[in-house]
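Engineer: sequence and computational prediction follow.
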Amino acid sequence: MSSKKEKVEEEYTFEFYEDDLFEDLDLEPSKLDNDYNEVNFEENLNPEQFEIINNIQGPMLIIAGAGSGKTRTITYAVAKLLSLGVRPSEIMLVTFTNKASKEMIERVESLLGKKPKGIWAGTFHSIANRFLRKYAKTAGLRSNYTIMDETDAVSLMRLAREKSNLKEIEERFPKAKICKSILSYSINCNKSIHDVILWKYEDFNNEKVIAKMKQIFKIYEKKKAQDGLIDFDDLLIYWSALLDERIVAKLIAKRIRYILVDEYQDTNWLQDDIVYKVVSQNPQRNIIAVGDDAQSIYAFRGANFQNIMNFKKKYDDCRVYNITYNYRSIPEILTLANDSIQHNKNQFKKDMQPTRPEGLTPFQVNIKDHKAQARFIAKQVLRLREDGFELEQMAILVRATFHTMRIELELGKKNIPYEVRAGVAFFEKAHIKDLIAHLRIIENPYDELAWMRIFKIIPGIGTTSATKIFSTISTKENPIDFLLTPNFFSNIMKGSRIPSIGKRHLKTYIQQIKGITAKDNPSDIILDLIKVLKDHIKTSYENWQDRLDDLKQLSVYAQNYSTIQKLLEILSLNQSDIGSRTSQLGSNVEQEKPLVISTIHRAKGLEWRVVFIPMLAEDMFPSSRVVGDPEGIEEERRVFYVAVTRAKDQLYLISPAIVQTYRGLQTCRVSRFIWELNPEVYKKSKVQLKSKKEKKNQNGFQSAFDLL
DNA sequence: GATAGGGTTGTTTTT
DNA sequence: CAACCCTATC
């Protein structure tokens, strides 16, 4: 070991710490244990898939169309590797969400009859986090760093922006959110700030603005370092940097022998580069990349589906497999999807082949307005339920969160249970964030964003005082204790003009928090914090009862985690999985599984028997901000494609003529995604359904098409 | 000087 | 419906 250490000092720029080196992470090979169920691979896979899992070696690229059993192929590949005796800890399985990762591992488990322990499974971000917790010091990070979610990151950028003395320049200057996004593009796409601005925000192409922005980014970086905070991009950056360090890279190479990456079309430059770095450490370069360029819908996050095509160049001995058979949808739905996507010029040609027998042609409904649209969907849902479709087998897939409002209202009226997977997650709400801020302070007392939130809860303290207090305590060894020193306000904060009520409140408030920090069970800590926050919640929100219930729910949720750090990590890395809203209250009775309302982005990888796509109107879907930008339109069309290919049996495409926006009512034309289609791939539902359904309608339902 | 409240603006999608 | 900017008030 000592020779290793010498080498470190000689050759490498990173500073190494003994425990980093000796700990060898979780990379300690898991016990060889292939006492698994025997799996009949041949029986459960089609010949293409079977061939793939029998030849796992070297670089492989699998272009798998929608519904082609992509997830199945990956899970079987993992099972195959394990049954061949590969240790779980030698496999890295990168998925697009942590939920997907969990589900895949569960499927592997049910195949093998045993949980494979120690697989490196998760998103790029969560795997990065696992490395960084171990190698924090080596990477130059505080070991108790806190991961900010996107909202936090924007808030911090806002602080940086305010601090930068914007008055110096006269030009219109982008808001914090835009600044953050420019920085992210720059990092994730390997482009300079200037290039990003030329590419995405041409309006701000101005020397002074760019110079100022760079200055803001510096402040932002500095703040992060001082406060012990990191953002999502940092997780990738630091991971990437660790991989440049040969000792770490070798360690990883020694242990990780197989890399599987799902949804490769949605990787960005940095992620692609990280994969390359991990793979090239291994002499055999075993990597399986799975993806479908037609389903690339995350360009706004820097994703570039060209990564798939470049893959072949990057790994010249790469074998490419195309899986075009579709097991999910009826031929009519595939025909529509194929017809739509061929309008994308910048797309690799690929037609999905149906395997299922014929069914119903997709329905297209032109309808008066958003209200009629909601009524139509609700009624059709009820009717299908009568016909034996379960609610959970139906979904309403929307382009943007605000498209759900009217529909939710209507479903509520008709007593249809539903679950919304869109929009602001449960713990993004102000009161949840407030509570979490307290946890963050307990974990990391230098967390500026968390302190600011807490200070502003105290009446009489606003942004200015909060900033002052923070800058005073943040340089101290123990900020909480320092704040509680007897002469804190009389001496240390002498110059400030905090009203005496504020001072008093603040002291008692912090004292209460301090009392809590002694405990170590997150759930109990939350219960105590709720008591502390109660007054504030009661006086600030009219629906304080609901909000307190939310907080209690959070404490129940926290029971699953043994430390605050774990809990905080889960909260920031699993944004979408936790926060879905349900219309059902009280869950003791056995309930019907609800209908799903989801954004199309969150519906990725899922399927339902029946899918409704509302708001297919110009300026809504495709969104108005994308009109005139050919690339933007193509991305929207891929979003449409993803939505369509979620449907197994029935598809409803709905175009309202009048919609509600924040600006009032707006008339709109039918979406190009409808009119550009060959008219034979869909049927105007007016005719189709009326004739078929009317006889059935003796149960008092008004025909949905009376609305037309 | 600083906070609190009101009016105005502009809203995709997510790790 | 939240962030932002401006103004009345302490």
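Structural biologist: Happy to help now that I have it. Numbering: from 1, shown residues only, chains lettered A, B, ... in the order given.
Engineer: quick one: pLDDT of A:K566?
Structural biologist: Looking at A:K566, its pLDDT is 86.
Engineer: any stretches of the stretch 551-700 of chain A with poor pLDDT?
Structural biologist: Across the stretch 551-700 of chain A, the ranges flagged by pLDDT under 70 are A:575-590, A:686-700.
Engineer: can you name the residue of it nearest DNA strand B?
Structural biologist: The nearest approach of the stretch 551-700 of chain A to DNA strand B comes at A:Y662, 1.9 Å away (C-beta to the nearest atom of the strand). (Glycine included, C-beta is placed from N, CA and C.)
Engineer: what is the neighbour count of that residue?
Structural biologist: Residues lying near A:Y662 (other C-beta atoms under 10 Å) number 5.
Engineer: over to A:I333?
Structural biologist: Residues lying near A:I333 (other C-beta under 10 Å) number 30.
Engineer: next up, the contacts around it.
Structural biologist: Going by C-beta atoms under 8 Å, 6 or more residues apart in numbering, A:I333 touches A:G359, A:P362, A:V644, A:T645, A:A647, A:K648, A:L651.
Engineer: got it, and A:M148?
Structural biologist: Here A:M148 is in contact with A:L156, A:L229, A:I230, A:D231, A:F232, A:L449, A:S572 (C-beta under 8 Å, 6+ apart).
Engineer: got the phi and psi for the second one?
Structural biologist: Pointing back at A:L229 there. phi -110, psi 150 (degrees, to the nearest 10).
Engineer: one step back: mark which of the contacts of A:I333 are part of helices, please.
Structural biologist: A:V644 (DSSP state H).
Engineer: now the contacts of A:I333 as TSV including neighbour count and distance to A:H505?
Structural biologist: Listed next are those as TSV, based on neighbours: other C-beta atoms under 10 Å; distance: C-beta to C-beta, whole Å:
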residue	neighbour count	distance to A:H505
A:G359	16	65
A:P362	25	61
A:V644	26	56
A:T645	28	56
A:A647	29	56
A:K648	20	58
A:L651	27	57
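Engineer: closest to A:D35 among the contacts of A:I333?
Structural biologist: A:D35 lies nearest to A:K648 out of these, by C-beta to C-beta, at 37.1 Å.
Engineer: roughly how far does that closest one sit from A:R328?
Structural biologist: Noted for A:K648: a distance of 6 Å to A:R328, by C-beta to C-beta, to the nearest Å.
Engineer: got any residues that touch both of those two?
Structural biologist: A:E607.
Engineer: low-confidence bits of the stretch 301-450 of chain A, can you list those?
Structural biologist: In the stretch 301-450 of chain A, residues with pLDDT under 70: A:423-427.
Engineer: how many neighbours does the residue in it that DNA strand B sits nearest to have?
Structural biologist: Nearest to DNA strand B, among the residues of the stretch 301-450 of chain A, is A:T401, at 2.9 Å (C-beta to the nearest atom of the strand). A total of 13 residues lie near A:T401 under the criterion other C-beta under 10 Å.
Engineer: A:T463 too?
Structural biologist: Number of residues near A:T463 (other C-beta under 10 Å) recorded here: 12.
Engineer: over to A:L551?
Structural biologist: As a burial measure, A:L551 scores 20 neighbours (other C-beta under 10 Å).
Engineer: all strands for the stretch 51-200 of chain A, in order.
Structural biologist: For the stretch 51-200 of chain A, the strands defined by DSSP state E, counting those that start in this stretch occupy A:59-64, A:91-94, A:120-122, A:146-147.
Engineer: which residue sits closest to whichever residue of the stretch 501-650 of chain A sits closest to DNA strand C in space, ignoring its chain neighbours?
Structural biologist: Nearest residue of the stretch 501-650 of chain A to DNA strand C: A:I501, at 10.0 Å (C-beta to the nearest atom of the strand). Nearest non-adjacent residue to A:I501, counting by C-beta to C-beta, 6 or more residues apart in numbering: A:G460, 5.3 Å away.
Engineer: tell me the contacts of the one you found?
Structural biologist: By C-beta under 8 Å, 6+ apart, the contact set of A:G460 is A:I498, A:P499, A:I501, A:G502, A:H505.
Engineer: dihedrals phi and psi, it?
Structural biologist: According to degrees, to the nearest 10, A:G460 has phi 100, psi -10.
Engineer: tell me the pLDDT of it.
Structural biologist: 81.
Engineer: number of nearby residues for A:D535?
Structural biologist: Around A:D535 there are 14 residues (other C-beta under 10 Å).
Engineer: need the pLDDT of it.
Structural biologist: A:D535 is given a pLDDT of 82.
Engineer: who's in contact with it?
Structural biologist: Going by C-beta under 8 Å, 6+ apart, A:D535 touches no other residue.
Engineer: so A:N40 versus A:K433, what's the distance?
Structural biologist: For A:N40, the distance to A:K433 - C-beta to C-beta - is 50 Å.
Engineer: compare the two (neighbour count), which wins?
Structural biologist: Counted by other C-beta under 10 Å, A:N40 and A:K433 do not tie: A:K433 has more neighbours, with 18 against 8.
Engineer: so what's the spatially closest residue to A:I600 that is not a sequence neighbour up against?
Structural biologist: Ranked by C-beta to C-beta, 6+ apart and with sequence neighbours excluded, the top spatial neighbour of A:I600 is A:A643, at 4.6 Å. Going by C-beta under 8 Å, 6+ apart, A:A643 touches A:L397, A:I600, A:A603, A:V611, A:I613.
Engineer: quick one, which of those are buried?
Structural biologist: Among the contacts of A:A643, the ones that count as buried by 16 or more other C-beta atoms under 10 Å are A:L397, A:I600, A:A603, A:V611, A:I613.
Engineer: gap between the residue nearest to A:I600 and A:I613?
Structural biologist: Counting by C-beta to C-beta - A:A643 and A:I613 are separated by 5 Å.
Engineer: which residues do these two both contact?
Structural biologist: Residues touching both A:A643 and A:I613 (C-beta under 8 Å, 6+ apart) are A:L397.
Engineer: A:R158 is in contact with A:A176, isn't it?
Structural biologist: Yes. In this structure, A:R158 is within contact of A:A176 by C-beta atoms under 8 Å, at 3.9 Å.
Engineer: how about the residues of chain A that lie near DNA strand C?
Structural biologist: Where chain A comes near DNA strand C, counting by C-beta under 7 Å from any atom of the strand, the residues are A:T151, A:R158, A:K175, A:A176, A:K177, A:V424, A:Y662.
Engineer: can you pick the most crowded of the residues you listed?
Structural biologist: A:A176 (19 neighbours).
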